[in-house]
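Undergrad: no FASTA, just this:
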Ligand SMILES: NC(=O)c1ccc[n+]([C@@H]2O[C@H](COP(=O)([O-])OP(=O)(O)OC[C@H]3O[C@@H](n4cnc5c(N)ncnc54)[C@H](O)[C@@H]3O)[C@@H](O)[C@H]2O)c1
């Protein structure tokens, strides 16, 4: 397949590019390095040569030159977005501008060039407070932060282009993504990090102190329960989605999680157990507000529509993170 990947200098997109390329597909990458890094692009170029082409471009700007040159794209896989919840609440303008505008310009340009298939990253943040768990795709959408709202706007743009312009799409609503690539070469690099498993592994390795940021919620141990899906499992679903769309599959919105939840304290305990390292667990000065007690996905639809099922556990994610952070204590930063 010829795949255009947006956001391929970022965490999930760089691992996706590596995965698609390793399966023999041709990849065109696009990123403006807003939160992405040059190093994964260099690694991909070195590893895959001319199977991988990269454009440094902002998705909100004129994308015609890229689509003129890359006329044989089968499917666009769209990861690029601003995606830090706390930041979205202090800088709503950035999120309302970057996320929907990028998506709108991307699908408009795709339509202009007759490219009709897209796989889109969305998030369980579109659901807001869970009315029931596990959450299926028909759960009401009522985001409780600007990030989730901006992603829902993006979903709606894609849905309308589906209805009016014949765009065929899979919108994936991810739950909590974790882990690095299987060989630990590509991983998560944001600092400060908002990813629990990543932070716990960093602390186990003595790279950074660990802080709890939640407020007490109504669960057995008082800490929020989330559904942690491995980044490779997640990206394998994107390959299946691209194949599904090429095979004429119809548009769908699909959850990606594991169907199983772990509490914050359970994850911390698991990382300690797996690494054999005791690290201090401190309370952060400021806790996150408005966190849901339990967000766990129902993943039956991913199974029935795509034949996708997660294969990896939290322990598998921790194993890859140990390699990634041992080799790159500061992520992609020097
Ligand atoms: N990480 C998670 O746990 C998680 C959970 C749910 C959904 N998602 C979604 O997955 C996607 C990828 O997230 P990530 O964790 O890899 O984030 P990331 O910040 O590491 O990667 C996003 C990439 O998009 C690029 N980008 C942003 N705006 C752009 C623009 N206007 N033009 C070109 N490039 C642009 C950034 O430079 C970056 O490389 C996002 O759409 C996010 O909403 C992530």
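TA: Thanks, I have it. Note that the structure is predicted; figures quoted are calculated from it, not measured.

Undergrad: From now on I want contacts and neighbour counts done on CA atoms only, so please keep to that.
TA: Fine.

Undergrad: mind showing which ranges of the stretch 101-250 of the chain have poor pLDDT?
TA: Applying pLDDT under 70 to the stretch 101-250 of the chain picks out no residues at all.

Undergrad: Could you pull out the strands in it for me?
TA: 117-123, 168-174, 176-178, 210-212, 225-226, 228-230 (DSSP state E, counting those that start in this stretch).

Undergrad: is the fifth one up against the ligand anywhere?
TA: No: judged by CA under 6 Å from any ligand atom, strand 225-226 stays clear of the ligand, getting no closer than 11.0 Å.

Undergrad: rewinding a little: the strands of the stretch 101-250 of the chain: which one's closest to residue 20?
TA: strand 117-123 (13.5 Å; CA to CA).

Undergrad: which secondary structure elements does the closest one contact?
TA: strand 75-78, helix 146-165, strand 168-174, helix 231-246 (3 or more CA pairs under 8 Å, 6 or more residues apart in numbering; DSSP states H and E).

Undergrad: Any chance of those in TSV with distance to the ligand as columns?
TA: Below are these laid out as TSV (distance: least, CA to the nearest ligand atom, whole Å):
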stretch	distance to the ligand
strand 75-78	7
helix 146-165	7
strand 168-174	4
helix 231-246	9
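
Undergrad: okay, the ones you listed in TSV with mean neighbour count next?
TA: As requested, these are exported to TSV (neighbours: other CA atoms under 10 Å):
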stretch	mean neighbour count
strand 75-78	24
helix 146-165	21
strand 168-174	24
helix 231-246	21
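
Undergrad: okay if I get these as TSV plus distance to residue 197?
TA: Shown next, in TSV, are these (distance: least, CA to CA, whole Å):
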stretch	distance to residue 197
strand 75-78	24
helix 146-165	21
strand 168-174	16
helix 231-246	12
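
Undergrad: quick one on the thing from earlier: could you single out the most deeply buried of the strands of the stretch 101-250 of the chain?
TA: Ranked by mean neighbour count under mean count of other CA atoms under 10 Å, the strands of the stretch 101-250 of the chain are led by strand 228-230, which reaches a mean of 27.

Undergrad: re earlier: out of the helices and strands packed on strand 117-123, which gets nearest to residue 24?
TA: Closest to residue 24 of the helices and strands packed on strand 117-123 is helix 231-246 (CA to CA; 11.7 Å).

Undergrad: Pull the residues that contact the closest one.
TA: Residues outside helix 231-246 that contact it (CA atoms under 8 Å, 6 or more residues apart in numbering) are 12, 15-16, 19-20, 74-75, 77, 117-119, 168-170, 177-182, 251, 256-257, 306, 308-312.

Undergrad: Cool, thanks, talk later.
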